[in-house]
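In: need a structure here:
(chains A and B)
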Protein chains: 2
Amino acid sequence: MKTRPIGIFDSGLGGLTVLKALRKKLPHEHFIYFGDSANVPYGAKSRQTVTKLSVAIAQFLEQQDAKLIIVACNTASAQALPTLQKKCHVPVLGVIEPGAQKAIRLTRSGRIALLGTEGTVRSGAYEKALKKKRKDIRFFAKACPLFVPLVEENWTHKPAARLIAQEYLAPLQKKRVDTIILGCTHYPILKPLLRQIAGENITLVDPSDTLAEEVHRLLTKLGQSQTTGRGSARFYASDDPARFKRLAKLVLSAPIQTVHLKKLNV
Amino acid sequence: MKTRPIGIFDSGLGGLTVLKALRKKLPHEHFIYFGDSANVPYGAKSRQTVTKLSVAIAQFLEQQDAKLIIVACNTASAQALPTLQKKCHVPVLGVIEPGAQKAIRLTRSGRIALLGTEGTVRSGAYEKALKKKRKDIRFFAKACPLFVPLVEENWTHKPAARLIAQEYLAPLQKKRVDTIILGCTHYPILKPLLRQIAGENITLVDPSDTLAEEVHRLLTKLGQSQTTGRGSARFYASDDPARFKRLAKLVLSAPIQTVHLKKLNV
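Out: Numbers count the residues shown, from 1 in each chain, chains lettered A, B, ... in the order given. This is a model prediction of the structure:
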């Protein structure tokens, strides 16, 4: 049924940037967002742990009758997507593939960099996805563990944020990359700052735009696209829904009404 | 039996600063350190979640025949100590009480500040402990979520670290505090920087020194103090022991041999 919701999850709040892009592209769809605030961040967790958590969340979203599941978290996309696609009865899309696709389309020099969490960088998933599409890609990656707390402190406009971003970008600029993938859902919030530091000759890729197009294409193909009526979003967090609600306002630049508590059984 | 180990746990690596202080004061004791790297950080988790995790870890340490359990994590000390003391069969000590005690002893003006995680600040545990000892204490607190990743990036000497620390300390300096409690086990690593910014007129309190004295006193009183032979330490992490080992070197300024993987059943 077309009116079934689209399930979307992230380790925490960052995935709300993906939800925002999806709602813009698909304004008639209903969404269920799950933020695993009890286990955030996934960035430094092992593949096994990230997979176990992701499977539990996907099961919850299937119980909520999701017609499609979106893994908004880069770490979970990098580490758990194949397992999720095997275990779920509905299509599961991650953010890596759309991010890689867009980067390949935009690069001129073939020198592409990734900014991400430790887990995403270590997984090698972006490099694999990029090189599958184009063998001669030169790939560079930088884990940026300070970016998430900077965003959550709402300090993106402070001088410290600039210094930190300069520090993370410097080695990539030295490698003369022309395309940088923002491989963590919090990072698009830093885009204006990264834009200033990277300059005009480097393209910043936010995978969520391409993901939204892909979701639209897939739903249309399956005859599952909701094209009339007003869309909606329902929010769940696995811990401290009040904190989630407070920070969600920061990410979405708009308040949300209710966040339900839903503990995971893992 | 005196030779039984002392159990000590933290949400992650930070508690190693406490272990360091304990081993210095109690060089003949055996220690078992548990870092809950699968669930780090505790700072933004709810009281209920932190308590559930802490109880599971304490049970593991009791199974390992610990004669005493030390909650090296400020967040867990603030939120779970009473429950742990009720559920455990051996004495359980936290870091809040020793930190408060030392601050009271050192303050001249009675104006005391706390730097800590969101969870520790929100719990109000330090304020309660301080005011129980001295009613007229003026208490101020600042959550510093960027400090932990700064330490784990090994960026404590960079200009960004200075800007961030200045930002966090400024409101406390304005309140003319004369004593600042370093209420998170990662923060003592930032002590030289905080020292420079705070100046000579503010005393920085690291609760772990007082804790070590208290442990020594308690074990002596119970006739459980190990006063001969060479001490040891065994390490467990609930996720990614390799990462734990790598970062432990940073905190301890010395490498550790083996980190065992021990998953929690929660």
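In: who touches stretch A:185-197?
Out: If you take CB atoms under 8 Å, 6 or more residues apart in numbering or on different chains as the criterion, stretch A:185-197 is touched by A:10, A:13-18, A:72-74, A:95, A:115, A:144, A:147-148, A:150-152, A:156-157, A:161-162, A:165-166, A:169, A:180, A:182, A:204, A:206, A:208, A:251. Every C-beta, even on glycine, is put in place using the N, C-alpha and C of the backbone.
In: mind redoing it with 7 Å?
Out: Residues from elsewhere that reach stretch A:185-197 (CB atoms under 7 Å, 6 or more residues apart in numbering or on different chains): A:10, A:14-15, A:17-18, A:72-74, A:115, A:147-148, A:151, A:156, A:161-162, A:165-166, A:169, A:182, A:204, A:206, A:251.
In: in it, what's buried?
Out: A:185-190, A:193-194 (16 or more other CB atoms under 10 Å in any protein chain shown).
In: Now pLDDT too, for those residues, in a markdown table please.
Out: As requested, the buried residues of stretch A:185-197 are exported to a markdown table (pLDDT from 0 to 100):
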| residue | pLDDT |
| --- | --- |
| A:185 | 93 |
| A:186 | 92 |
| A:187 | 95 |
| A:188 | 93 |
| A:189 | 93 |
| A:190 | 96 |
| A:193 | 97 |
| A:194 | 98 |
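In: Turn those into CSV, including secondary structure and distance to residue A:264.
Out: Formatted as CSV, the buried residues of stretch A:185-197 follow (DSSP: H, G, I helix; E, B strand; the rest coil; distance: CB to CB, whole Å):
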residue, secondary structure, distance to residue A:264
A:185, coil, 19
A:186, coil, 21
A:187, helix, 25
A:188, helix, 26
A:189, helix, 26
A:190, helix, 29
A:193, helix, 34
A:194, helix, 33
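In: I'd guess residue A:181 is in a helix, am I close?
Out: No - secondary structure assignment (DSSP: H, G, I helix; E, B strand; the rest coil) places residue A:181 in strand, not in a helix.
In: Could you report the separation of it from chain B?
Out: Look at residue A:181 and chain B: by CB to the nearest CB, to the nearest Å, they are 21 Å apart.
In: thinking that residue is in contact with residue A:103, fair?
Out: Yes - the pair residue A:181 / residue A:103 is scored as a contact, 5.2 Å apart, by CB atoms under 7 Å.
In: Near chain B, which residues of the stretch 101-250 of chain A are found?
Out: Where the stretch 101-250 of chain A comes near chain B, counting by CB under 7 Å from any CB of the partner chain, the residues are A:145-146, A:149-150, A:152-153, A:159-160, A:163-164, A:167, A:239-240, A:243.
In: now those: which count as buried?
Out: When those are checked against 16+ other CB under 10 Å, the ones flagged as buried are A:145-146, A:149-150, A:152-153, A:160, A:163-164, A:167, A:239-240, A:243.
In: what ranges do the strands span in the stretch 51-200 of chain A?
Out: A:68-71, A:92-93, A:111-116, A:138-143, A:179-183 (DSSP state E, counting those that start in this stretch).
In: To residue A:79, which of the ones you listed lies closest?
Out: strand A:68-71 (9.9 Å; CB to CB).
In: picking that back up, tell me the least confident of the buried ones among the residues of the stretch 101-250 of chain A next to chain B?
Out: Least confident entry in those, by pLDDT: residue A:152, with 86.
In: Please report how far it lies from residue B:167.
Out: Residue A:152 sits 15 Å away from residue B:167 when distances are taken as CB to CB, to the nearest Å.
In: same thing with residue A:113?
Out: In terms of CB to CB, residue A:113 sits 29 Å off from residue B:167.
In: again, but for residue A:183
Out: Counting by CB to CB, the gap from residue A:183 to residue B:167 is 27 Å.
In: and the residue nearest to residue A:31 when sequence neighbours are not counted, how many neighbours does it have?
Out: Closest residue in space to residue A:31, ignoring its immediate chain neighbours: residue A:233 at 4.4 Å, by CB to CB, 6 or more residues apart in numbering or on different chains. Residue A:233 has 20 neighbouring residues, counting by other CB atoms under 10 Å in any protein chain shown.
In: residues touching residue A:233, list them.
Out: By CB under 7 Å, 6+ apart, the neighbours of residue A:233 are A:19, A:23, A:31, A:33.
In: Double-check that it belongs to a strand.
Out: Yes - under three-state DSSP, residue A:233 sits within a strand.
In: And it, how far from chain B?
Out: Distance from residue A:233 to chain B, by CB to the nearest CB: 23 Å.
In: Relative to residue A:36, how far out is that residue?
Out: Separation of residue A:233 from residue A:36 (CB to CB): 17 Å.
In: What of residue A:10?
Out: With CB to CB as the criterion, residue A:10 and residue A:36 are 7 Å apart.
In: Between those two, which is the more surrounded one?
Out: More neighbours surround residue A:10 than the other of residue A:10 and residue A:36, with 30 against 27 (other CB under 10 Å).
In: May I have the residues that are in contact with that one?
Out: A:35, A:72-73, A:185.
In: Can you measure across stretch A:87-102, start residue to end residue?
Out: Terminal residues of stretch A:87-102 lie 27 Å apart, using CA to CA, to the nearest Å.
In: Can you give the contact residues for it?
Out: By CB under 7 Å, 6+ apart, stretch A:87-102 touches A:18, A:55, A:58, A:62, A:66-72, A:74, A:77-78, A:81, A:84-85, A:125-126, A:129-130, A:133, A:181, A:183, A:205, A:207-208, A:210-211, A:214-215, A:218.
In: ok, 6 Å please
Out: A:55, A:58, A:67-71, A:74, A:77-78, A:81, A:84-85, A:125-126, A:129-130, A:181, A:205, A:207, A:210-211, A:214 (CB atoms under 6 Å, 6 or more residues apart in numbering or on different chains).
In: for stretch A:147-165, same thing?
Out: Counting by CB under 6 Å, 6+ apart, A:146, A:186-187, A:189-190, A:193-194, A:197, A:250, B:145-146, B:149, B:159-160, B:163-164 sit against stretch A:147-165.
In: where do the helices sit along chain A?
Out: When secondary structure is read from DSSP state H, chain A shows helices at A:16-25, A:47-63, A:74-87, A:96-106, A:118-123, A:125-133, A:147-152, A:159-174, A:191-198, A:207-221, A:241-252.
In: mind listing what's buried in the longest one?
Out: Residues A:47, A:49-58, A:60-62 are the ones in helix A:47-63 that count as buried (16+ other CB under 10 Å).
In: what's the answer for stretch A:105-125, then?
Out: A:107, A:110-123, A:125.
In: and the two most separated of the contacts of residue A:233?
Out: That would be A:23 and A:33, which, of the contacts of residue A:233, are the farthest apart (CB to CB) at 10.2 Å.
In: Surely residue A:38 touches residue A:239?
Out: Yes - in this structure, residue A:38 is within contact of residue A:239 by CB atoms under 6 Å, at 3.6 Å.
In: Find the residues that touch each one of the two.
Out: The contact lists of residue A:38 and residue A:239 share residue B:49, where a contact means CB under 6 Å, 6+ apart.
In: quick revisit: what about burial for the contacts of residue A:10, which qualify?
Out: A:35, A:72-73, A:185.
In: Pick out whichever of those sits closest to residue B:261.
Out: Nearest to residue B:261 out of the buried ones among the contacts of residue A:10 is residue A:73 (CB to CB; 23.4 Å).
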